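In: One predicted model, sequence on top.
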Amino acid sequence: MPYSSAGRNLMLDALKGTAPVVPITHVGLFDEDAAITAVTGVAATDLFTKVGHGLSNGDLVVLRSLVGGTGLFEEIPYYVVGVSGDDFQLSRVSGGAAIDFTSDVTSVSVVRLVEVSGGAPAYARKAIAFNASVDGSMDDSTNGAVVDVPAGATVNYVGFFSALAAGTLLGIDGVTAESFGGQGTYTVTDADLDLRTGGY
């Protein structure tokens with residue numbers, strides 16, 4: 001699972017003995033918008049450009065098919081900042097400083113992730129807890145979380161949060177896309193946090 005910057009900081013704080021102030025307490029689900037393709041970026045300004053990109057400050061995105069852009073990574077959660085006309089920048093944290101990438105981006109697809117909402121019963125994040133870590137890996141102790149999903153949604157990612165609402169996104173995990181023609185449920189059957197394989 002790729003961890004967000006906040007998630008990595010939390011783990012490092014825990015390793016040095018600092019009590020976590022925003023542990024993972026809930027799981028949520030994300031749908032993805034159509035990819036914004038053929039986006040380019042200039043290293044000298046850290047600006048991405050795409051006519052009519054439709055992104056807003058604070059949007060959560062991942063990158064795919066990245067050509068160039070040293071310092072950027074695919075499938076890592078980033079936040080949109082500095083939107084101005086057809087230009088925008090990316091940050092590792094919501095509202096944070098723009099990422100300094102050190103080579104031009106010849107082409108990249110930017111995919112906006114949107115947390116699922118709506119339905120009856122209404123979508124809401126579900127509580128999750130974890131067992132003690134063993135050798136750099138930690139398994140959930142809740143034996144799954146069943147999340148209500150509205151008709152028309154597609155689940156593409158599971159998100160790990162520090163709160164039932166708002167809170168901090170600490171990690172995302174891409175899953176096999178599952179589309180819902182009608183109201184249904186999505187079960188997170190096994191959540192493993194593994195520092196041996198995930199993130200960057």
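Out: Great, that's in hand. Residues are numbered from 1 along each chain as shown.
In: Can you give the domain ranges for the protein?
Out: 5-31+116-194, 33-113 (automatic domain parsing).
In: What residues does Ala145 make contact with?
Out: By Cβ atoms under 8 Å, 6 or more residues apart in numbering, Ala145 lies in contact with 27, 126-128, 187-188, 191. (Glycine included, C-beta is placed from N, CA and C.)
In: Filter those residues down to the ones in strands?
Out: 27, 126-127, 187-188 (DSSP state E).
In: if we can go back for a sec, relative to Leu169, which of the contacts of Ala145 is nearest.
Out: Of all those, Val27 has the smallest distance to Leu169: 11.1 Å, by Cβ to Cβ.
In: just to revisit the earlier point, and the buried ones among the ones in strands among the contacts of Ala145, selectable in PyMOL?
Out: Selecting only the buried entries of these in PyMOL, with 16 or more other Cβ atoms under 10 Å as the criterion:
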select buried, resi 27+126+188
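In: The ones in strands among the contacts of Ala145: which two are farthest apart?
Out: Ala127 and Thr187 (14.1 Å).
In: related to what we said a few turns ago, can you tell me which of the contacts of Ala145 is nearest Arg112?
Out: Val27 (20.0 Å).
In: Can you name the residues that contact the closest one?
Out: By Cβ under 8 Å, 6+ apart, the contact list for Val27 reads 125-126, 128, 145, 147, 158-161, 188, 191.
In: Counting neighbours, which of those residues comes out on top?
Out: Among those, the one with the most neighbours (other Cβ atoms under 10 Å) is Phe160, at 27 neighbours.
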